[in-house]
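> no FASTA, just this:
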């Protein structure tokens, strides 16, 4: 972008889609050929002290002034708080702000073509500053919309510093603290150098809009102070984030968003770590590392990153081997805690550590370092801390121990022993030639690590239900779930599945008369386990006993009846009713009666005389049983 152009922006903290689109629109600005813009109301033409009236063409600028610094001139602001409407700095001009505050408050662009040095100072304001030259921050400086302490809330439109393609901003040492809704748009370069670092209060934001955010030392981009009514400061990557400085680690702890087409680059042999809980990806050259991590609010340049469980319980770093012949595309993500149905022995979170263009080389594997502080991890003896590799099929495979730090023959991954532990963290190192999902599991040394189907359920027992609906089967959990929690149980009757349940009991419909085998087997992610069997016998429904005909009482209607005893066997099912049949001497049925199962006697009224006899049968939930023998003949009376 030439110095005769400036970006037209809707504000760094606007809607993301509109923001990125707006960042790419340019309009004409005053020519940068050494002539200052025509709206100057007072121009610095002297040398030295900003506060000296004689150095200005129209006195020292105030809040309504458009101040300009002429090319080749050097101004120094070393005390007080200064507000101007706009500030234009010409080519080859220099402004130094030391232990002072300078605010540009009109939300129209101020053109900075020269060089600005801020040492222990504060600059910003609610205006738009376009840096076509350079700005150097050092000694612990502030970029803020309004004058106020750390954590100041600003409800209006925040100020913006845009860095066009020919501009550069350097954080040379100490903190650059972004406050009160201030925003930075990077079309050119923002370079965090040496011992410099950036802290961004809640509500601030930085957009890498096609330019570069370069982290050249051990410093990073950290959360600043919480601000009421605001959320964690944002960092949007629509360009390139680059990490250099071999042997150093930089951490990005912000609400990070990567726009399609953006890149992350890390030079050998540095490490760039992102705050946990999000997908982090980047191009990783041989010998370098990419990781996740967090430092938390109010951090300083000595932040170790990802070591405080209260801030970030999990972190992962992946280092591509120095022998890898090509740049690898690495993707890292801290996933949720895997369910017990995936691995009943799991502890801590699951981690995605994936790399494309990683050439498998058993002699030079990649290195994955996991740091976890979850209570279940910290409570596990180090010798029992194992690592499971989740295959694409979903199968969990426990990886072996490394042999003197190298892969065992035939293995694609191993755990470096001993596992390390501090007072707050457990650190596990994995050597691998393949990548995917990983998590820790608790398993005794020498105990089989591969998952299997469950063992047979325990204490299986069956009983005919009291209500006669069928058979009630109960059991207890398997002694061994195979390393993956049981998801369900299959119930089989005489070899055929009749029920599936997640509980420890099932009711089977009446299987009918005879001996039957009931089986139950547990199911986990591997498959169906061993069966536990029990037997039950359903007896046939027998006929009612001791059926006796009854004569009715003398006088009144002609009646006769029947009395009987219940069947000796009800077939294991509850009786529902009785059926009584009456015939005359000619064998003709003259009456049928349905009698409640609770009764064992019935009286029948007849219209004619003549001897009759009775028989009765019972019915259970399944069917009618056999009839009793005929009674003797009896005459109604």
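Yes, it's here. Quantities reported herein were computed from a predicted structural model and do not represent experimental measurements. Numbers count the residues shown, from 1 in each chain.
> Can you check the pLDDT for residue 4?
Per-residue confidence (pLDDT) for residue 4: 30.
> That should have said residue 187, apologies.
97.
> neighbours around it, how many?
Close neighbours of residue 187, defined as other Cβ atoms under 10 Å, add up to 25. In short, each C-beta sits where N, CA and C put it, glycine included.
> ditto for residue 71
Counted with other Cβ under 10 Å, the neighbours of residue 71 add up to 16.
> just residue 391 next, same as before
Using other Cβ under 10 Å, residue 391 has 12 other residues around it.
> Contact partners for it?
Contacts for residue 391 (Cβ atoms under 8 Å, 6 or more residues apart in numbering) come out as 397, 436.
> quick one: it and residue 433, what's the gap?
Note on residue 391: its distance to residue 433, by Cβ to Cβ, to the nearest Å, is 14 Å.
> With residue 126 instead?
According to Cβ to Cβ, residue 126 and residue 433 sit 55 Å apart.
> out of these two, which sits in the busier spot?
Shown here are residue 126 and residue 433; by other Cβ under 10 Å, residue 126 has more neighbours (21 against 18).
> doesn't residue 105 make contact with the more buried one?
Yes. With contact defined as Cβ atoms under 8 Å, residue 126 reaches residue 105; the gap is 5.2 Å.
> mind listing the helices for this protein?
Secondary structure of the chain (DSSP state H): helices at 16-22, 375-378.
> weakest of these in terms of mean pLDDT?
Ranked by mean pLDDT, the helices of the chain bottom out at helix 16-22, with a mean of 39.
> Check what pLDDT residue 291 gets.
pLDDT, residue 291: 60.
> ugh, typo on my part, it should be residue 469
We have a pLDDT of 61 for residue 469.
> do the same with residue 243
89.
> do the same with residue 309
The confidence metric pLDDT takes the value 47 at residue 309.
> what residues are up against residue 561?
Contacts for residue 561 (Cβ under 8 Å, 6+ apart) come out as 549-552, 601-604, 614.
> end to end, how far does stretch 120-136 reach?
11 Å (Cα to Cα, to the nearest Å).
> cool, stretch 382-397 as well?
End to end - Cα to Cα - stretch 382-397 spans 19 Å.
> Same question for stretch 107-120.
Using Cα to Cα, the two ends of stretch 107-120 sit 25 Å apart.
> Return the distance of stretch 359-368 from the chain's centre.
Its chain's C-alpha centre lies 28 Å from the corresponding centre of stretch 359-368 when counted by Cα atoms, centre = their mean, to the nearest Å.
> tell me the average confidence for that stretch?
Stretch 359-368 shows a mean pLDDT of 92.
> Buried residues of that stretch, list them for me.
Of all the residues in stretch 359-368, those buried under the rule 16 or more other Cβ atoms under 10 Å are 359, 364-366, 368.
> For the closest residue to residue 595 other than its chain neighbours, which residues are in contact?
In space, residue 595 comes closest to residue 578 once its chain neighbours are excluded; the distance is 4.3 Å by Cβ to Cβ, 6 or more residues apart in numbering. For residue 578, the contact set (Cβ under 8 Å, 6+ apart) comprises 544, 564, 594-597, 599, 602, 616-619.
> Show me which of those are buried.
544, 564, 595, 602, 616-619.
> Looking at those residues, which one is closest to residue 119?
residue 619 (101.6 Å; Cβ to Cβ).
> these two touch, right, the closest one and residue 577?
Yes. Between residue 619 and residue 577 there is a contact under Cβ under 8 Å: 5.5 Å.
> care to break the protein down by domain?
Using automatic domain parsing, the domains assigned to the chain come out as 1-20+43-267, 307-336+346-450, 458-538, 545-627.
> re earlier: so which of the contacts of residue 578 comes closest to residue 488?
Checking the contacts of residue 578 against residue 488 with Cβ to Cβ, the nearest one is residue 619 at 36.3 Å.
> distance of the closest one from residue 445?
Applying Cβ to Cβ, the value for residue 619 to residue 445 is 65 Å.
> Next: residue 383.
Residue 383 is 5 Å from residue 445, where distance means Cβ to Cβ.
> Neighbour count: the two, which is higher?
With neighbours defined as other Cβ under 10 Å, residue 383 and residue 445 compare such that residue 383 has more, 13 against 10.
> The more buried one against residue 443, yeah?
No. Counting by Cβ under 8 Å, residue 383 does not reach residue 443; the two are 9.8 Å apart.
> and stretch 556-570, what's its mean pLDDT?
In this model, stretch 556-570 has an average pLDDT of 88.
> now stretch 478-492
89.
> Kindly report the same for stretch 130-141.
95.
> what would the buried residues of stretch 359-368 look like in TSV with distance to residue 416?
What follows is the buried residues of stretch 359-368, written out as TSV (distance: Cβ to Cβ, whole Å):
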residue	distance to residue 416
359	21
364	15
365	11
366	13
368	10
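> What is the most widely separated pair among those?
Farthest apart among the buried residues of stretch 359-368 - using Cβ to Cβ - are 359 and 368, which lie 16.3 Å from each other.
> Residue 635 is nearest to which of the domains of the chain?
In terms of Cβ to Cβ, the element of the domains of the chain nearest to residue 635 is domain 545-627, at 5.2 Å.
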